[in-house]
Each structure stands twice: as structure tokens, then as C-alpha cells.
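Participant: below are the sequence and a predicted model for it; my questions follow.
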Amino acid sequence: MKKAELLAKTFKSFGASVSVEERRQISPIFLEFQELGPHRLALESSCLRKSERGTWSVTGRAKNISDEALSDVWVLIQLFEDFEEFIAFEETPLSINPLPSGETSPFKVIFEGDPSIKKISIAFKNASGHPIASADKRKKREWVKTDRDDESLLPSPPISIPFEEKSQAIELIAPPEKMIAENGKEISRDISLPSAQEMAPAVSLPLGPLEIISESASTLLKEDRSPGGEESERALHQVPPQEFTPSASEELGKEIEAALDELQLASDEEDAAEESCLTPSALQDTTQLLEDISESPEDAKAEEKAVSSFPWIGYFRDAVETFDQTPRDIFSIWFEECRKKGEFSNSFHSLLTILAHSRFDQGNQPIKALENTQKVFRLLVQPNLLLDQMPPLEGTSFVSGEVWRDLFQRALPKVNQIGNAVLEKKKWNAFDLERLIQVIPHMGHPNSQMAIRWISQLIPDVVEVDFSVAPIMIGEDLYRVAARLGIVDPRLDPYQGKNSAGGTKIQSFALEAFPHHSVKVEKPMARMGAGEEQGGHCFPVQPWCEGCLFETFCPKLYLDFNPSEKGMSAEG
């Protein structure tokens, strides 16, 4: 923390604003029966508290997201110790009974004693014990701003800040002078401040349980190239006029690096060993940032091309290739069996089957989607198919089976039209093909991506797809795996769209791994980050690394919290 305060003061002295975030201790509370459908309840909040008299309470709020009132709804709470060892359970009815559609109800369950709780599960059921399908709608924020006084981080008169018994005194003075105590001698240097264009971008410094975020103050600076310009003086809060030179950022980098060298000397051998491990420390991150400031873009690009920043990338490629060798999803297995039996009359029939199944697969319902495909695939090539000729279909989480059947019958002419358009070209760019497929009603982005993947894998002799410029779809599961592999740092590389830091790094890694088919990384990474029911391993907390596709070379970073929650939050 003392190192963090010193670094914060250093950045603050050059115009940055600093805030402190603290990681909350969030209990591992899981919601059961999410895989069932359609969802009728949503868990909006949950909390575990210990009272002064030693009892534990689990409280929360549940919302009726169905179209009808729900009667006799009970909540079941189960407690577990290490290794999933069951401790106790309690159940209670919801406070509001019946619960109208769209309304919420609180609940509370109290446990006596002082158990060692490692996991809590919440489940909803009716009075007869039948489970109720539920969705997890909790907004969990793991990092929150503290009430720490920012004034304590302002540059102050020279003071000696001891870090450890071996530390030497380091004194900081606000610009333009910086005093560095080195071997008992005081060295004073003049620092040329950078222009607005040369200011460093916003950085986030990981500091264990506390995190100091330095936000660039460059937007407050308006460049005035004449020495002593009034705009620069106002922006720099009456700092004496400085001469802005092209090498200002380089000089700034050298000066802060000198202070960081002192910090490095102040660390003992144990700190040095910890900083050399796979998880980058705040000191290493800041040093790397300063090196990037002074390094020319041409040199950086050349070095990146020469040496990969991921020494295990070869093993990663092998793991992805192994994953692709065997069909993993039930539709691919069924499709291959049908082709061997001669169930498809021609290439057009096989393509229509892929398009129809991709449309049926809405959300996490692959079994129901396959059942619907099996019912209708022989009818797809029949012209002018009437609704009466359509068999009953399984519904989705948002429509009933009857409505879903009617919608499919209406969409079938468009499915045939797009199928013919796809076959008109032998080779397609993945991006153009995806836009064409999305013309089909209820064929969203995930559905069109599934269709393209299956077209490429199952009928490559019919349609060739070029994935060289296709971006991968980044969800929470994939981002979490990327963070634990070290591709992104959830504290420095948030994902908030394709042009965000996290999105850019993940897309760049995918291109580095497979320059001509970057989308290959999407399915195996997302699968490893999925839930246990989908065959995943990289859970939000307490990941099950044994058997994971990347187990042998994964650095296993950020195991004590959910990287996706931190890196994909609204605040970044």
C-alpha cells in the first residue's frame, strides 16, 4: 500500500486524478435450475450476513418474469463446506403469495451456529417440491470505491516514506523539480512537462486488495507551443512556464523510471521473487507503461512480430486443433450420421438443415433445437409448406411451441431464399456471409455465427468460408478464460465493445494464434469458460482446472475472483 501511495503521488504530481477501489468479499452464492426452461423466476439480489449474536442469514429478492401469477413458491437454501461437503439446509415460502407477474418478493433464511461456509446454493420450487426454472439477474459489483480521502494522495512537502526495514528514504516534490534520495545524497533534476498529445493514457494499477486508478489528465491540457502560454498555465494550476519539447515524454519516463528503480531496490528478495512470477505486479505494469511511452511505434511492432508475448501459444494451437478434430455438439454428431445414411437429398438440403437448426437454437436449448430440426428437416425442400403440414414444435424461453411453429412456417420462404443465395457463390467472406444469414427472421448474431461455423465444418466442399477478417464474439465465458491465460488483465483491459482495450487484445491474440482463421479460438475458449452442465472448467470462482483443454500451460491467473465481473463491468 505504501508503494501504491508513492506511485499515486507521482502520477498526481503530473496532473492525473487518483481514486481508490476496494474489493468486496462476496460469498459464493449460486443459483440452481438455470438450465431448465422457460425461466419463470429471476434472482435479482442475494446476500449473506452474520449477526452480532452469531446467527447467519441469507436474504434476497426474486422476481416473477413469467406471464402469470405464481403461487406457493418456496426458496431452498443449502450450505456447503470444502469439497462440496453438505452442512445444512433451510426453506421458506416467499413473502408475497401469490406473486403477480412482473412483481418481486423478498426472502430471508436464518441459520444457527458458526459453520465454515464455502458455498451456498439457492433454488426455487413449488409447494410439492417441483423445481422452478430461474434466471440469475444479479448485478454483482466486486470492486467499489472506498471513502478514502484523496487529499492524502496529494503531492506533499518532502517527507521520508519508509517501506520496510531495508528501504531507503525516497522524497517526492511536485513538478518541475523531483528530489530522489540515493545513497544518502540528494539529487535534484529539472523535468520538462509533456504536451497534451504526449500525456500517457489512462492506466489502472493492480494493488492486491486495493486498486489505485490513474486517469489521464490530458483532456484538461490544451497545448500552447509558445513558452509560458496562459492556457497551459491555467491547466497546470499555476505551474511555472515550461518549455514543451518533442522529447518531453521521454524525459518524463526517465524521471519516473528513476523513482521506480529506487522502489525496486527497496524490495527484499521475496518481493523480487513474487514480481518475477506470471502475475505482473503494479511496479512491473507501470514500468512497462513508461517504456511504451518512450518506445517508438515502429520498434514496438517489429519486436512484437519477432517474438510472441505468449510462450505457450504453440501448445494453445495444438489444443484448439485437438478440440476441432472431433464433433463436440449434438447437432454435428447427428448431422454426420444423417449424411452417412443418405438422409439429405442434395447439398441444398444439407445447407437448409444447418440454417433451420441455427435458427431453432435460441439460447442454451440445444436439445430442444435438435428435436425441432429432426421433426422438420425432411420437409425443408418441400415448396409452399402449409402450417397444417408442420408438426408440433418445442417452444423457447420467450414463445410457446405453437407460436414458434407459426413463426418458423412464416420464415421458411426466407430460409430457402437465403440458402439459394449462399449456393450462388463457392467462396464467402465470413463477415458478408453472416450479414446475409441474419436476413432470416429470428437469426441473431449468435445464431448466424453458429450457422457459419457449422457450414465451414460440416459442408466445406459445398461452401468455403474465409475467416481471415472475421472477428470473434467475446462473452463472459471467453473473457474469463482469456484473463486466466494472461491474454488480458481484467483491471487494465476492460471489454466494452470491439474497440475497447480488452476486445482489441483478445482479437489480436486470436489473429496471432490463427492468422487465417481466428474464429477457431472462440468455441474452445467459450466452452472451457462455460458452466459445468456445458462441459466447462473455468468457473467464475473456484475453477475446476483438471481436464481443462488448456490445463498443462495455463498460468491460472485471477483464481480468487471472477475476471469477467471486473473486466466486463459497466465501469470497466
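Facilitator: Great, that's in hand.
Participant: next, work out how far apart the closest residue to Phe553 other than its chain neighbours and Thr552 are.
Facilitator: Once flanking residues are discounted, Phe553 sits nearest to Trp312: 3.9 Å by Cβ to Cβ, 6 or more residues apart in numbering. Just so you know, the C-beta spots here come from the backbone N, C-alpha and C atoms, and that holds for glycine as well. Distance check for Trp312 against Thr552: by Cβ to Cβ, to the nearest Å, it reads 9 Å.
Participant: of these two, who's got more company?
Facilitator: Comparing Trp312 with Thr552 by neighbour count (other Cβ atoms under 10 Å), the higher total belongs to Trp312, at 16 against 10.
Participant: show the model's pLDDT score for that one.
Facilitator: Predicted confidence (pLDDT) for Trp312: 93.
Participant: now swap in Leu193 and tell me
Facilitator: On pLDDT, Leu193 comes in at 42.
Participant: I'd like the numbering to begin with 47 instead of 1 from here.
Facilitator: New numbering, starting at 47: the last item is Leu239.
Participant: and for Leu595, the neighbour number?
Facilitator: 18.
Participant: that one against Lys569, yeah?
Facilitator: No: the criterion here is Cβ atoms under 8 Å, and Leu595 misses it with Lys569 at 10.7 Å.
Participant: between the two, what contacts are shared?
Facilitator: Phe369 (Cβ atoms under 8 Å, 6 or more residues apart in numbering).
Participant: how about Ile413, phi and psi?
Facilitator: Taking degrees, to the nearest 10, you get phi -70, psi -50 for the backbone angles of Ile413.
Participant: okay but it is in contact with Ile376, surely?
Facilitator: Yes: counting by Cβ under 8 Å, Ile376 is a contact partner of Ile413 at 7.1 Å.
Participant: grab the nearest non-local neighbour of Asn493.
Facilitator: Ser404 (4.9 Å).
Participant: give me the element that neighbour is part of.
Facilitator: Assigning secondary structure by DSSP states H and E places Ser404 in helix 393-406.
Participant: what residues of that helix count as buried?
Facilitator: 394-406 (16 or more other Cβ atoms under 10 Å).
Participant: please parse this protein into its domains.
Facilitator: 48-69+194-352, 75-185, 359-369+516-613, 390-512 (automatic domain parsing).
Participant: the third one: end-to-end distance?
Facilitator: Distance between the boundary residues of domain 359-369+516-613 (Cα to Cα, to the nearest Å) amounts to 23 Å.
Participant: same check, this time on the last one
Facilitator: Start and end residues of domain 390-512 are separated by 25 Å (Cα to Cα).
Participant: that domain - what's its average pLDDT?
Facilitator: Domain 390-512 comes out at a mean pLDDT of 89.
Participant: identify the residue spatially nearest to Val567, adjacent ones excluded.
Facilitator: Ala556 (4.7 Å).
Participant: show me what contacts the one you found?
Facilitator: Counted by Cβ under 8 Å, 6+ apart, Ala556 has contacts Ile518, Ser564, Val565, Lys566, Val567, Glu568.
Participant: SS state for it?
Facilitator: helix (DSSP: H, G, I helix; E, B strand; the rest coil).
Participant: for it, give its distance to Asp539.
Facilitator: 14 Å.
Participant: with Met571 instead?
Facilitator: 16 Å.
Participant: Gly581 now?
Facilitator: From Gly581 to Asp539 the distance is 27 Å (Cβ to Cβ).
Participant: the more surrounded of these two?
Facilitator: Asp539 (22 against 11).
Participant: wait, a helix at that one?
Facilitator: No: read with three-state DSSP, Asp539 is coil and lies in no helix.
Participant: okay, now the unreliable bits of the stretch 247-396 of the chain?
Facilitator: Scanning the stretch 247-396 of the chain for pLDDT under 70 picks out the ranges 247-354, 372-374.
Participant: so what's Phe599 up against?
Facilitator: Trp358, Tyr361, Phe362.
Participant: contacting residues for the nearest residue to Val449 once chain neighbours are set aside?
Facilitator: With sequence-adjacent residues excluded and distances taken as Cβ to Cβ, 6+ apart, Val449 is closest to Gly441, at 7.2 Å. The neighbours of Gly441, taking Cβ under 8 Å, 6+ apart as the test, are Pro84, Lys414, Gly447, Glu448, Val449, Trp450.
Participant: what's the angle from the top helix by length along the chain to helix 393-406?
Facilitator: Using DSSP state H to assign secondary structure, the helix with the most residues in the chain is helix 447-469. Here the directions of helix 447-469 and helix 393-406 differ by 140 degrees (axes from the mean of the first three to the mean of the last three Cα atoms, to 10 degrees).
Participant: contacts for the very next helix or strand once past helix 447-469, please.
Facilitator: Using DSSP H and E, the helix or strand that follows helix 447-469 in sequence is strand 473-475. The contact list for strand 473-475, computed with Cβ under 8 Å, 6+ apart, reads Val468, Val509, Glu510, Val511, Asp512, Val515, Ala516.
Participant: can you put those residues in JSON lines and add secondary structure and distance to Ala576?
Facilitator: Below are the contacts of strand 473-475 laid out as JSON lines (DSSP: H, G, I helix; E, B strand; the rest coil; distance: Cβ to Cβ, whole Å):
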{"residue": "Val468", "secondary structure": "helix", "distance to Ala576": "29"}
{"residue": "Val509", "secondary structure": "coil", "distance to Ala576": "28"}
{"residue": "Glu510", "secondary structure": "strand", "distance to Ala576": "29"}
{"residue": "Val511", "secondary structure": "strand", "distance to Ala576": "24"}
{"residue": "Asp512", "secondary structure": "strand", "distance to Ala576": "28"}
{"residue": "Val515", "secondary structure": "coil", "distance to Ala576": "27"}
{"residue": "Ala516", "secondary structure": "coil", "distance to Ala576": "21"}
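Participant: just flag the most distant two among those residues.
Facilitator: Val468 and Val515 (18.5 Å; Cβ to Cβ).
Participant: these two: which is more packed in?
Facilitator: Val468 (21 against 12).
Participant: backbone phi and psi for the residue nearest to Phe599, please?
Facilitator: According to degrees, to the nearest 10, Trp358 has phi -100, psi 10.
Participant: all strands of the stretch 97-246 of the chain, in order?
Facilitator: Remark: strands assigned in the stretch 97-246 of the chain by DSSP state E, counting those that start in this stretch are 102-110, 119-126, 132-139, 150-157, 165-172, 180-182, 189-191, 223-228, 231-236.
Participant: skipping its backbone neighbours, what lies nearest Val119 in space?
Facilitator: In space, Val119 is closest to Leu140, 4.7 Å off (Cβ to Cβ, 6+ apart).
Participant: same question but for Gln580, I mixed them up
Facilitator: Once flanking residues are discounted, Gln580 sits nearest to Arg573: 6.8 Å by Cβ to Cβ, 6+ apart.
Participant: same check on Ser117?
Facilitator: Per Cβ to Cβ, 6+ apart, closest to Ser117 is Pro144, 4.1 Å.
Participant: just give me the neighbour total for that neighbour.
Facilitator: Pro144, neighbours per other Cβ under 10 Å, totals 15.
Participant: next one: the one 10 residues further on
Facilitator: Residues lying near Lys154 (other Cβ under 10 Å) number 14.
Participant: thinking it is in contact with Trp102, fair?
Facilitator: No: in this structure Lys154 lies outside contact range of Trp102 using Cβ under 8 Å: 11.2 Å.
Participant: hang on, the earlier thing: for Ile518, see how far away the residue nearest to Asn493 is.
Facilitator: Taking Cβ to Cβ, one finds Ser404 at 17 Å from Ile518.
Participant: can you name the residues in contact with stretch 86-105?
Facilitator: Here stretch 86-105 has contacts from 73, 75, 77, 106-112, 116, 119, 123, 150, 152-161, 163, 166, 168, 170, 178-185, using Cβ under 8 Å, 6+ apart.
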